[in-house]
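# below is the sequence, then the predicted model.
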Amino acid sequence: MTTPTGRSWIARDIVLCLAFLTRLPVPGTGSGDRLLGQAIWAAPLAGTVVALVGGAAYALAFLTGAPGGIAAGLALAAMLLVTGCLHEDGLADVADGFGGGATGERKLEIMRDSRIGTFGTVALLLALLIRWSALAELQNPGHVFGGLIAAETASRALLPAFMRNLPPARPDGLAAAAGPVSPEAAAGAAAIGLAALLLFLGPGSLPAAILVLAIAFFAFRYLCLAQIGGQTGDTLGALQQIGAIIVLTIATVVIR
């Protein structure tokens, strides 16, 4: 069955998000008439899968006696392989475009350029360094699993609301092709993200995490509107990286 009230559309949405947001060889990637904008509620679940891969890589390295820094690096490497550096590429493109373009049109042109510049290189190195430092600080597999699931799930829970609240910055590309995001899809993703934060960071840390993520969300929304007049696939990737860094940083403080 492919009715919007049956299980099949839920499974197909999860598969669609896994196929789009990761390099995993998921079966049944045909989405029928489902657009990414309809299925994007499942993006946090794709993040959970990425986190489980990273946590497993950390645990394997830790159990073989590798130092925490090495285990953290291997966890990052595993997640980068699973996602194909999709979000990191978006962060680098946004940094180059916003930092190097004089007009909105020029910024979008730079963001489409496959080459990476100084702004993008610095942003990418800083993002990887902060994430590596946080994972190394968490120090054991249980803490790393918790921090990664919270970070990778909650950061992707921001994406549907961002897509819904900003227009596409260009008439073509991912943002335009994804289709509209419904309030239900945005709310569903947010609920999954909140559940991950509550479960792995704890109720005492939930208000602070929500507050900091909300500030980052609206600040980045304002920046995207001012710089390019909307959102693109690259801005979604950058937002995911910002969200993951925020949650991992909080995790180093609260997960003991």
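Perfect, I can see it now.
# what ranges does the stretch 151-256 of the chain have for its helices?
For the stretch 151-256 of the chain, the helices defined by DSSP state H, counting those that start in this stretch cover 174-177, 183-201, 206-228, 233-254.
# for the ones you listed, which has the smallest mean pLDDT value?
Mean pLDDT per stretch puts helix 174-177 lowest among the helices of the stretch 151-256 of the chain, at a mean of 72.
# where in this structure is pLDDT low?
For the chain, applying pLDDT under 70 flags the ranges 1-7, 28-32, 175.
# how many other residues sit next to the residue nearest to residue 249 when sequence neighbours are not counted?
Leaving out its chain neighbours, the residue that sits closest to residue 249 by C-beta to C-beta, 6 or more residues apart in numbering is residue 134, at 6.0 Å. To be clear about C-beta, it is placed using only N, CA and C from the backbone, and glycine gets the same treatment. Neighbourhood size, residue 134 [other C-beta atoms under 10 Å]: 23.
# what does the one 5 residues further on give?
Other residues lying near residue 139 total 16 when counted by other C-beta under 10 Å.
# what does residue 114 give?
By other C-beta under 10 Å, the residues close to residue 114 number 6.
# what separation is there between the nearest residue to residue 139 once chain neighbours are set aside and residue 79?
Residue nearest to residue 139 in three dimensions, not counting chain neighbours: residue 68, with 5.4 Å by C-beta to C-beta, 6+ apart. Residue 68 sits 17 Å away from residue 79, going by C-beta to C-beta, to the nearest Å.
# looking at these two, which is more packed in?
Set side by side, residue 68 and residue 79 show more neighbours around residue 79, with 27 against 17, by other C-beta under 10 Å.
# mind checking what helix or strand follows the helix or strand harbouring that one in sequence?
Residue 79 is part of helix 68-83, with elements assigned from DSSP states H and E. Per DSSP H and E, helix 68-83 leads on to helix 86-100 as the next helix or strand towards the C-terminus.
# got the angle for that following helix vs helix 68-83?
90 degrees (axes from the mean of the first three to the mean of the last three C-alpha atoms, to 10 degrees).
# who does helix 86-100 touch, helix- and strand-wise?
Helices and strands touching helix 86-100, by 3 or more C-beta pairs under 8 Å, 6 or more residues apart in numbering; DSSP states H and E, are helix 104-112, helix 118-138, helix 206-228, helix 233-254.
# follow-up on the earlier one: contacts for the helix holding residue 79, please.
Residues from elsewhere that reach helix 68-83, judged by C-beta atoms under 8 Å, 6 or more residues apart in numbering: 21-24, 49-51, 53-58, 60-62, 66, 88, 128, 131-133, 135-136, 139, 144, 148, 152.
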